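# fold the stuff below for me.
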Amino acid sequence: MTTLQFRPALLSVAAAALLALAGCGDKGSSTSTAASGAASGAAAGTAAAPAATGGGGKSVTVEASADKQFFPLLSYRTGPYAPNGIPWADGKQDYLKLVNERDGGINGVKIAFEECETGYATDRGVECYERLKTKPGVAMFDPQSTGITFALTEKAPVDKIPLQTFGYGLSVSQDGTHFKWNFPNMGSYWTGADVLIQHLGQKEGGLDKLKGKKIALVYHDSPFGKEPIPLLQKRAEMHGFELQMLPVTAPGVEQKATWLQVRQSKPDYVLLWGWGVMNSTALKEAQATGFPRDKMYGVWWAGAEPDVKDVGQGAAGYNALALNGSGQQFPVIQDILKHVYDKNNGTASSRDEVGTVLYNRGVAIQMLSVEAVKAAQEKFGKGKVMTAEQVRWGMENLNLDKAKLEALGFGDMIHPIATTCQDHMGSTAARVQTWDGSKWNIQTDWIQGDAAVLDPLIKEGAAKYASEKGIQARTAEDCNA
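As a prediction, the model looks like this:
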């Protein structure tokens, strides 16, 4: 058992990995696996290629041209993370199809898009980026991988192309004064960890009641899994709980030794920072070792249907963060069914996938990118194709309040978001949901990350990164440009 109770680093573990590993490939050593977010050799060949769905879905390409706004879609429909990557990618593509079909594009500008298969591998993600970044009308990139994000963070400022990382990526990049081109919309792994500790404090009757408790972090041994550690260390120092850290080698199909450690140490709670098959494996091992599932709390990437459906009732009581709601009741989802699926143009192989947690997350992600283009058009010319630099301005000036989200058909699927030059995240809120054996149920209202805890870590970490990389803080003039 490894127990950590020391002071947090100013720069997150993931950010430190970025400094050393940006641009690394995924194959070979354990170091490259950490840099990549741990792609498997099963995930792939050597060349990045357009993705295709199986099972009757319609993953298509709308060719880029000078009169269209182009959205490159990095995806992973192959390899060990495919069950989670597919619905995410389907939701993104279906929202773009919806905007073209229902709205005629973005203020009359038709949308072009093309998927590129990464297999969740950093080297293939960089290949996709290099191939697609020169397409006419490119708007932004959503890398769909923390490892790929790290590799592109130094490329984006040179190419002047923004990176959107909805609920993942580099936590310190919330600071837009140092990270001009990164946009970790809706939350980072620091905000997620902070919300979970706040929630556990509420359950215990106050954060002071966490003193003497033991909290275990079972995490994917990669930049993604390591990213929450500095925040958890800070909270452990503040509240006096013991933090036990248990890394799991990717992809996470072998966890018996990890859960034997859990059984021996008997933590009060387990936080699960997993992705793909790691999550269902953890739940099965928790059931086998008798650890109560209602004492387990996953990050929002460990709280979707693929994580629990194979465990079924054995996962009942398991909790996870929710960045977005699930279900087909939202008007925007009904519009997708009407304008896309009723016309036999849906990307998913089944209508039943529409409305699932990760599908809806893909829809929400792509909505934010479309709204960024709309915001840019308001400044630079409605009805025109925006450059990536102009879209970056739109991403920095998003303002989607509750009324706007209602008008877009999202209701309370996601939390309102407002970005600024200083804050590239726009929202630090998440809810907690619980699996009842057959479906996810939202259990809490939105819980905000505590700025008093988060802001100093972000400011110090971003400043340290900037100092090491020779990046000057943006001026007020640059922010207002």
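# now the strands for the stretch 151-300 of the chain?
Taking DSSP state E, counting those that start in this stretch, the strands of the stretch 151-300 of the chain run over residues 163-164, 182-183, 214-220, 242-248, 269-273, 296-298.
# which one, of those, ends up nearest to Asn107?
Asn107 lies closest to strand 163-164 among these, at 20.0 Å (Cβ to Cβ). Quick note: C-beta positions are derived from backbone N, CA and C, even for glycine.
# burial count for Gln244?
A count of neighbours around Gln244, defined by other Cβ atoms under 10 Å, yields 20.
# so it is in contact with Tyr219, correct?
No - contact criterion Cβ atoms under 8 Å: Gln244 and Tyr219 do not qualify, at 11.0 Å.
# picking up where we left off before, just put the strands of the stretch 151-300 of the chain in a markdown table and tack on distance to Lys338 and mean pLDDT.
What follows is the strands of the stretch 151-300 of the chain, written out as a markdown table (distance: least, Cβ to Cβ, whole Å; pLDDT from 0 to 100):
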| stretch | distance to Lys338 | mean pLDDT |
| --- | --- | --- |
| strand 163-164 | 27 | 98 |
| strand 182-183 | 31 | 98 |
| strand 214-220 | 38 | 98 |
| strand 242-248 | 42 | 98 |
| strand 269-273 | 37 | 98 |
| strand 296-298 | 33 | 98 |
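# now do the residue lying closest to Ile197 once chain neighbours are set aside, the pLDDT please.
Closest residue to Ile197 apart from its sequence neighbours, by Cβ to Cβ, 6 or more residues apart in numbering: Arg235 at 4.7 Å. Looking at Arg235, its pLDDT reads 98.
# domain ranges for this protein?
Using automatic domain parsing, the domains assigned to the chain come out as 3-7+190-322, 13-188+331-427+452-480.
# of all the ones you listed, which one comes closest to Thr434?
Closest to Thr434 of those, according to Cβ to Cβ: domain 3-7+190-322, at 5.1 Å.
# how many neighbours does Asn480 have?
A count of neighbours around Asn480, defined by other Cβ under 10 Å, yields 7.
# meant to ask about Glu378
There are 11 residues near Glu378, going by other Cβ under 10 Å.
# where does it land in three-state SS?
Secondary structure for Glu378, judged by DSSP: H, G, I helix; E, B strand; the rest coil, is helix.
# give me the low-pLDDT residue ranges for the chain?
By pLDDT under 70, the low-scoring segments of the chain are 1-57.
# what segments of the stretch 101-250 of the chain are helices?
All helices of the stretch 101-250 of the chain, identified by DSSP state H, counting those that start in this stretch, fall at 122-132, 146-153, 156-159, 189-204, 223-226, 229-239.
# just put the ones you listed in a markdown table and tack on mean neighbour count and distance to Val340.
Shown next, in a markdown table, are the helices of the stretch 101-250 of the chain (neighbours: other Cβ atoms under 10 Å; distance: least, Cβ to Cβ, whole Å):
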| stretch | mean neighbour count | distance to Val340 |
| --- | --- | --- |
| helix 122-132 | 23 | 23 |
| helix 146-153 | 29 | 28 |
| helix 156-159 | 16 | 31 |
| helix 189-204 | 23 | 31 |
| helix 223-226 | 28 | 31 |
| helix 229-239 | 21 | 39 |
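# among those, which comes closest to Asn397?
helix 156-159 (18.2 Å).
# show residues contacting the closest one.
With Cβ atoms under 8 Å, 6 or more residues apart in numbering as the test, helix 156-159 has contacts from 133, 141, 162-163, 180-182, 388.
# am I right that Ala89 is in contact with Leu73?
Yes - shown here, Ala89 and Leu73 form a contact pair, counting by Cβ under 8 Å, at 6.7 Å.
# ok, these two, which is more surrounded?
Ranked by neighbour count (other Cβ under 10 Å), Ala89 and Leu73 place Ala89 first, with 28 against 23.
# please report the distance of the closest residue in space to the more buried one that isn't next to it in sequence from Leu170.
Nearest residue to Ala89 in three dimensions, chain neighbours excluded: Ser75, at 3.9 Å (Cβ to Cβ, 6+ apart). Remark: distance between Ser75 and Leu170 (Cβ to Cβ, to the nearest Å) = 21 Å.
# which two of the contacts of helix 156-159 have the greatest separation?
Pairwise distances across these peak at 16.9 Å for Lys133 and Lys180 (criterion: Cβ to Cβ).
# the more surrounded of the two?
Between Lys133 and Lys180, counting by other Cβ under 10 Å, Lys180 is the more crowded of the two (20 against 17).
# residues contacting that one?
Lys180 makes contact with 157, 392, 474, 478 under the criterion Cβ under 8 Å, 6+ apart.
# can you redo those as JSON lines with secondary structure and distance to Lys464?
JSON lines is the format used below for those (DSSP: H, G, I helix; E, B strand; the rest coil; distance: Cβ to Cβ, whole Å):
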{"residue": "Pro157", "secondary structure": "helix", "distance to Lys464": "18"}
{"residue": "Arg392", "secondary structure": "helix", "distance to Lys464": "24"}
{"residue": "Arg474", "secondary structure": "coil", "distance to Lys464": "17"}
{"residue": "Asp478", "secondary structure": "helix", "distance to Lys464": "21"}
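# for PyMOL, what selects the buried ones among these?
Entered in PyMOL, the line below selects the buried ones among those, by 16 or more other Cβ atoms under 10 Å:
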select buried, resi 392+474
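# closest one of the contacts of Lys180 to Arg351?
Nearest to Arg351 among those, counting by Cβ to Cβ, is Arg392 at 35.7 Å.
# chain center to stretch 341-357, what's the gap?
Computed by Cα atoms, centre = their mean, to the nearest Å, the chain-centroid distance of stretch 341-357 equals 22 Å.
# can you check stretch 60-76 too?
Mean-position distance between stretch 60-76 and its chain equals 21 Å (Cα atoms, centre = their mean).
# and that stretch, end to end?
Distance across stretch 60-76, first residue to last, is 15 Å (Cα to Cα, to the nearest Å).
# which parts of it are buried?
62, 64, 68-76.
# can you list contacts of stretch 170-179?
Residues outside stretch 170-179 that contact it (Cβ under 8 Å, 6+ apart): 11-12, 14-15, 18, 146, 149-150, 153, 165, 182-184, 188-191, 227, 231, 396, 419-425, 457-459, 461-463, 465-466, 471, 473-474, 479.
# let's see that with 7 Å instead.
For stretch 170-179, contacts defined as Cβ atoms under 7 Å, 6 or more residues apart in numbering pick out 11-12, 14-15, 18, 149-150, 153, 182, 184, 188-190, 227, 396, 421-425, 458-459, 461-462, 465-466, 471, 473-474.
# buried ones among those residues?
11-12, 14-15, 18, 149-150, 153, 182, 184, 188-190, 227, 396, 421, 423-425, 458-459, 461-462, 465-466, 471, 474.
# quick one: which of the strands of the stretch 151-300 of the chain is nearest Lys343?
Comparing the strands of the stretch 151-300 of the chain by Cβ to Cβ, strand 163-164 comes nearest, at 27.9 Å.
# what about the residue nearest to Trp446 when sequence neighbours are not counted, how many neighbours?
Distances taken as Cβ to Cβ, 6+ apart put Ala429 closest to Trp446, at 4.0 Å, once the chain neighbours are dropped. Ala429 sits with 18 neighbouring residues when counted by other Cβ under 10 Å.
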